[in-house]
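**Q** Sequence unavailable; structure follows:
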(Lines give C-alpha, C1' and ligand atoms only; values in the text may rest on other atoms or scores of the structure.)
Protein backbone atom coordinates (compact mmCIF):
# COMPACT_ATOMS: atom_id res chain seq x y z
CA UNK A 1 0.00 0.00 0.00
CA UNK A 2 1.24 3.50 -0.79
CA UNK A 3 2.06 5.65 2.16
CA UNK A 4 -0.18 8.67 2.69
CA UNK A 5 1.71 11.96 2.66
CA UNK A 6 1.82 13.99 5.81
CA UNK A 7 -1.07 16.54 5.77
CA UNK A 8 1.35 19.42 6.48
CA UNK A 9 3.55 18.37 3.58
CA UNK A 10 0.51 18.18 1.32
CA UNK A 11 -0.66 21.65 2.43
CA UNK A 12 2.78 23.11 1.74
CA UNK A 13 2.80 21.49 -1.70
CA UNK A 14 -0.65 22.86 -2.48
CA UNK A 15 0.36 26.33 -1.23
CA UNK A 16 3.42 26.25 -3.52
CA UNK A 17 1.30 25.19 -6.51
CA UNK A 18 -1.25 27.89 -5.70
CA UNK A 19 1.50 30.53 -5.63
CA UNK A 20 2.83 29.27 -8.98
CA UNK A 21 -0.65 29.40 -10.53
CA UNK A 22 -1.24 32.90 -9.17
CA UNK A 23 2.09 34.05 -10.63
CA UNK A 24 1.16 32.56 -14.00
CA UNK A 25 -2.24 34.26 -13.87
CA UNK A 26 -0.58 37.62 -13.08
CA UNK A 27 1.81 37.16 -16.01
CA UNK A 28 -1.10 36.42 -18.35
CA UNK A 29 -2.99 39.47 -17.03
CA UNK A 30 0.10 41.64 -17.56
CA UNK A 31 0.52 40.39 -21.14
CA UNK A 32 -3.16 40.99 -21.86
CA UNK A 33 -2.89 44.48 -20.37
CA UNK A 34 0.05 45.25 -22.65
CA UNK A 35 -1.88 43.96 -25.68
CA UNK A 36 -4.88 46.10 -24.69
CA UNK A 37 -2.67 49.20 -24.31
CA UNK A 38 -1.05 48.61 -27.70
CA UNK A 39 -4.47 48.16 -29.31
CA UNK A 40 -5.80 51.33 -27.65
CA UNK A 41 -2.74 53.26 -28.84
CA UNK A 42 -3.22 51.95 -32.38
CA UNK A 43 -6.90 52.91 -32.39
CA UNK A 44 -6.01 56.37 -31.07
CA UNK A 45 -3.38 56.82 -33.77
CA UNK A 46 -5.74 55.61 -36.53
CA UNK A 47 -8.56 57.91 -35.39
CA UNK A 48 -6.21 60.84 -35.01
CA UNK A 49 -4.78 60.22 -38.45
CA UNK A 50 -8.26 60.01 -39.97
CA UNK A 51 -9.41 63.22 -38.28
CA UNK A 52 -6.20 65.03 -39.26
CA UNK A 53 -6.59 63.99 -42.90
CA UNK A 54 -10.27 65.00 -43.08
CA UNK A 55 -9.94 68.21 -41.10
CA UNK A 56 -9.15 70.36 -44.11
CA UNK A 57 -12.18 69.21 -46.13
CA UNK A 58 -14.94 68.85 -43.52
CA UNK A 59 -16.24 72.14 -42.08
CA UNK A 60 -18.31 70.42 -39.36
CA UNK A 61 -15.30 68.42 -38.21
CA UNK A 62 -13.16 71.55 -38.33
CA UNK A 63 -15.69 73.40 -36.14
CA UNK A 64 -15.81 70.46 -33.71
CA UNK A 65 -12.01 70.34 -33.37
CA UNK A 66 -11.81 74.12 -33.05
CA UNK A 67 -14.35 73.97 -30.21
CA UNK A 68 -13.11 70.86 -28.34
CA UNK A 69 -9.34 70.78 -28.80
CA UNK A 70 -8.34 73.86 -26.77
CA UNK A 71 -9.31 72.17 -23.51
CA UNK A 72 -6.89 69.34 -24.30
CA UNK A 73 -3.90 71.43 -25.32
CA UNK A 74 -1.09 71.92 -22.84
CA UNK A 75 1.25 74.87 -22.53
CA UNK A 76 3.93 72.79 -24.24
CA UNK A 77 1.57 72.18 -27.18
CA UNK A 78 1.14 75.94 -27.46
CA UNK A 79 4.89 76.50 -27.50
CA UNK A 80 5.20 73.93 -30.27
CA UNK A 81 2.64 75.84 -32.32
CA UNK A 82 0.33 72.87 -32.75
CA UNK A 83 -2.79 75.03 -32.97
CA UNK A 84 -1.24 77.13 -35.72
CA UNK A 85 -0.25 73.96 -37.55
CA UNK A 86 -3.88 72.82 -37.53
CA UNK A 87 -5.35 76.24 -38.16
CA UNK A 88 -2.69 78.37 -39.90
CA UNK A 89 -5.25 81.05 -40.71
CA UNK A 90 -5.67 81.82 -36.98
CA UNK A 91 -3.40 84.54 -35.69
CA UNK A 92 -3.72 83.85 -31.96
CA UNK A 93 -3.92 81.06 -29.47
CA UNK A 94 -7.16 79.09 -29.16
CA UNK A 95 -9.73 80.54 -26.82
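**A** Arrived safely, thanks for sending. Model, not experiment: these values are computed from the prediction.
**Q** name the element the most centrally placed residue in the chain belongs to?
**A** With distances taken as CA atoms, centre = their mean, the residue of the chain nearest its centroid is residue 37 (4.2 Å). For residue 37, the host element (DSSP states H and E) is helix 7-54.
**Q** Per the annotation, how does the protein divide into domains?
**A** 7-54, 57-95 (automatic domain parsing).
**Q** Save those domains as JSON lines, and put in mean pLDDT too.
**A** As requested, those are arranged in JSON lines below (pLDDT from 0 to 100):
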{"stretch": "domain 7-54", "mean pLDDT": "96"}
{"stretch": "domain 57-95", "mean pLDDT": "88"}
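**Q** who are the neighbours in contact with residue 77?
**A** Residue 77 is in contact with residue 83, counting by CB atoms under 8 Å, 6 or more residues apart in numbering. For every residue, glycine as well, the C-beta is placed using N, CA and C.
**Q** moving C-terminal of the helix or strand containing it, what's the next helix or strand?
**A** Taking DSSP H and E as the definition, one finds residue 77 inside helix 75-80. Later in the chain than helix 75-80, the nearest helix or strand by DSSP H and E is helix 82-86.
**Q** Please point out which parts of that following helix sit buried.
**A** Taking 16 or more other CB atoms under 10 Å as the neighbour-count basis, helix 82-86 is seen to contain the buried residues 83, 86.
**Q** got it, and stretch 58-75?
**A** Across stretch 58-75, burial judged by 16+ other CB under 10 Å covers 65-66.
**Q** so how far is the first residue of it from its last?
**A** 27 Å (CA to CA, to the nearest Å).
**Q** swap in stretch 73-84?
**A** 12 Å.
**Q** Could you do stretch 67-74 as well?
**A** End-to-end distance of stretch 67-74 (CA to CA): 15 Å.
**Q** Then stretch 58-77?
**A** With CA to CA as the measure, the ends of stretch 58-77 fall 23 Å from one another.
**Q** cool, stretch 53-72 as well?
**A** Across its full length, stretch 53-72 reaches 19 Å between end residues, using CA to CA.
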